[in-house]
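1. pasting a predicted model and its sequence here:
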Amino acid sequence: MARKGYHHGDLANALVEAALRLVEREGADALSLRDLSASLGVSRAAPYRHFADRDALLAAVAARGFETLAGVYEAARASPGSGTERLRKAMRDYMSFAWTRPGLHRLMFESDLLRRIPMPAALVGPYRRTYEALWAALKEAWPDAERSWLRRKRVTLLSTIVGFLVLDEAGRFTAEWSDPLPRDEQVEAVLDAAVGPLR
């Protein structure tokens with residue numbers, strides 16, 4: 001059988017890449033190992049040499065998402081400006097990530113992958129890297145704050161940002177809610193509430 005879409009010896013990566021494209025296009029529920037195998041031109045048994053089951057492949061896809069998001073936070077931390085400006089950029093770029101890759105974002109944060117005990121091994125490193133980068137951005141924004149305050153701030157920060165994303169995805173910001181604020185001003189208003197206004 002002719003192999004399509006991947007180089008010999010790299011089937012695991014090809015499966016993750018193909019699954020990632022499918023998740024971003026149609027959502028995690030659309031993923032079938034059988035269909036994925038057919039699309040890559042390999043036997044139905046071939047994916048199981050690399051992934052125990054469908055969930056293991058989804059965990060690997062979510063891990064790619066966390067690697068990307070960690071990179072988003074780290075790039076924001078390396079950008080010019082004050083700690084608060086960099087944190088606002090990190091949150092703005094996180095919202096952009098969620099809007100441009102909604103299927104992947106839902107898999108990362110709305111599936112039960114993060115709640116599993118133990119967490120899927122593929123997720124552990126990327127998940128920690130993401131939250132360490134966010135924690136570092138928080139500490140840089142408020143370098144004199146106590147750890148307990150920063151931990152509370154992290155909860156309210158994420159609740160504000162993610163709450164906005166959920167309501168926005170549900171189409172709740174109708175003209176009655178948001179008029180006359182254009183989209184970019186909505187985002188800035190949310191960042192003012194989550195991080196604080198720039199002075």
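-> Sure, I can see it. Residues are numbered from 1 along each chain as shown.
2. from here on, contacts and neighbour counts on C-alpha atoms
-> Will do.
3. for Val61, helix, strand, or coil?
-> helix (DSSP: H, G, I helix; E, B strand; the rest coil).
4. ok, now how distant is it from Leu113?
-> Applying C-alpha to C-alpha, to the nearest Å, the value for Val61 to Leu113 is 11 Å.
5. name the residue in those two with the higher neighbour count.
-> Val61 (26 against 19; other C-alpha atoms under 10 Å).
6. what residues are up against the more buried one?
-> 16-17, 19-20, 104 (C-alpha atoms under 8 Å, 6 or more residues apart in numbering).
7. ok, Leu157 next?
-> Leu157 sits in contact with 194-195, where contact means C-alpha under 8 Å, 6+ apart.
8. just to revisit the earlier point, closest to Leu36 out of the contacts of Val61?
-> Ala19 (7.3 Å; C-alpha to C-alpha).
9. wait, that closest one sits on Leu36?
-> Yes: with contact defined as C-alpha atoms under 8 Å, Ala19 reaches Leu36; the gap is 7.3 Å.
10. how about low-confidence regions in this protein?
-> Applying pLDDT under 70 to the chain picks out residues 1-9, 199.
11. one step back: would you format the contacts of Val61 as a markdown table with secondary structure included?
-> Converted to a markdown table, the contacts of Val61 look like this (three-state DSSP):
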| residue | secondary structure |
| --- | --- |
| Val16 | helix |
| Glu17 | helix |
| Ala19 | helix |
| Leu20 | helix |
| Leu104 | helix |
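12. what's the domain layout of this protein?
-> According to automatic domain parsing, the chain comprises the domains 1-51, 64-194.
13. columns distance to Leu57 on top of the ones you listed, output as TSV?
-> As requested, the domains of the chain are exported to TSV (distance: least, C-alpha to C-alpha, whole Å):
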stretch	distance to Leu57
domain 1-51	6
domain 64-194	9
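14. what about the closest residue in space to Phe51 that isn't next to it in sequence, distance to Pro47?
-> Closest residue to Phe51 apart from its sequence neighbours, by C-alpha to C-alpha, 6 or more residues apart in numbering: Leu57 at 5.9 Å. From Leu57 over to Pro47 the distance is 9 Å, taken as C-alpha to C-alpha.
15. please enumerate the shared neighbours of the two.
-> Leu15.
16. sweet, I'm off.
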